[in-house]
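# Next come a sequence and a model predicted from it.
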Amino acid sequence: MHFGKEDGMKKKKHQGQVIGTGEKVFNVFMVIMGIIISMVVLYPIYYALIASLSKPLYVENGSVMFSIKNFTLDSYRQAIAKPGIWTAYGNTLFYTIAGVAVNMAFTTSMAYALSKKRLAFRKFFTLVAIFTMCFNAGIIPTYLNFRDFGLLNTRTAIILGFAINTYNMVIMKSFFEQVPYELEEAAFIDGANHFTIFYKIFLPLSKPALATVGLFYAVNRWNSYFWAMQLLNDDSKAPLQVMLKKMIVDRVANAADAALVTAESLSSPTTIIYAVIIIAIIPMLVVFPFVQKYFKTGLTVGGVKG
């Protein structure tokens, strides 16, 4: 009996060592993968930064890879002085702020309604909403809809045309479903209606989900250019990303101009493009730290059923 217990303890200890070793190997592997993925994701931004701060000759001949070559701010001076850039920047701010406000209004309203089990035809409406995640009309029919409604070349098309994203709505719906029904029932007893409950109970309790979904919408609004490029033909209404895209197209069309860059050149179309890219991503970098504390909770809590 004594030897049996001892052998069992040794076996358990051995098994524990095997599991521990496996966990260590897995942790090391995940750290390595995390570093590799981080480098792959962050390097383009890092390269744009060091290229925008380097002399154009070194950028054009491929010498800039991991560090700045001959530090200069001339590309930024040229970028901020470029005609139309601040109009485009203002348009992007307007489309993002107004667009996110519209997105959140539509998304939270629909999510609140679909989170109610007593809603008639709730499953049907939910299936219809989810159907749009898998199937859509396509680019040409969507464009024709904008045309037929007289929304071409209007700011309204950019703001209201993409008022809700089904995936974000599902996140909010899942979060609302976890709010205890007792809170809602108590509010009804006190005489509150659905609008009061929505604004004074559900929204305040849903800050993590609101921050997460709002960030998703903001990043999408800030970086989008495709539909703005298709729907707007007035440069005074175009966002910064459309302007940046045109700069890149012009640079590719005039690639031979790179040979004209010399050691005395203070800037070039390429370095100016990199400077505009850095200017364009600054607002998102500034906003993210303020919502980061809600971000992780907002991503996970909606997927957990209590």
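The structure has been received and is ready for your questions.

# use CA for all of it now, contacts and neighbours both
OK.

# Low-confidence ranges, the protein, go.
Low-confidence segments of the chain, defined by pLDDT under 70: 1-20, 255-260, 262-264, 266, 291-306.

# So which residue is dead centre in it?
The residue lying closest to the centre of the chain (Cα atoms, centre = their mean) is Val219, at 3.5 Å.

# what about it, helix or strand, and which?
Using DSSP states H and E, Val219 falls within helix 207-223.

# What helices and strands are in contact with that helix?
When contacts are defined as 3 or more Cα pairs under 8 Å, 6 or more residues apart in numbering; DSSP states H and E, helix 207-223 packs onto helix 85-114, helix 166-177, helix 269-301.

# any idea which of those helices is most buried?
A comparison of these by mean neighbour count, using mean count of other Cα atoms under 10 Å, puts helix 166-177 on top with a mean of 22.

# what's near enough to touch the nearest residue to Gly161 once chain neighbours are set aside?
Distances taken as Cα to Cα, 6 or more residues apart in numbering put Phe146 closest to Gly161, at 8.0 Å, once the chain neighbours are dropped. Residues near Phe146 by Cα atoms under 8 Å, 6 or more residues apart in numbering: 152, 157, 161.

# Quick one: the residues you listed as a markdown table, columns for neighbour count, secondary structure and distance to Met39 too.
Listed next are the contacts of Phe146 as a markdown table, based on neighbours: other Cα atoms under 10 Å; DSSP: H, G, I helix; E, B strand; the rest coil; distance: Cα to Cα, whole Å:
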| residue | neighbour count | secondary structure | distance to Met39 |
| --- | --- | --- | --- |
| Leu152 | 20 | coil | 41 |
| Ala157 | 20 | helix | 37 |
| Gly161 | 15 | coil | 36 |
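
# between these, which is nearest Asn70?
Ala157 (44.7 Å; Cα to Cα).

# ok, that closest one touching Leu151?
Yes. If you go by Cα atoms under 8 Å, Ala157 and Leu151 touch, sitting 5.4 Å apart.
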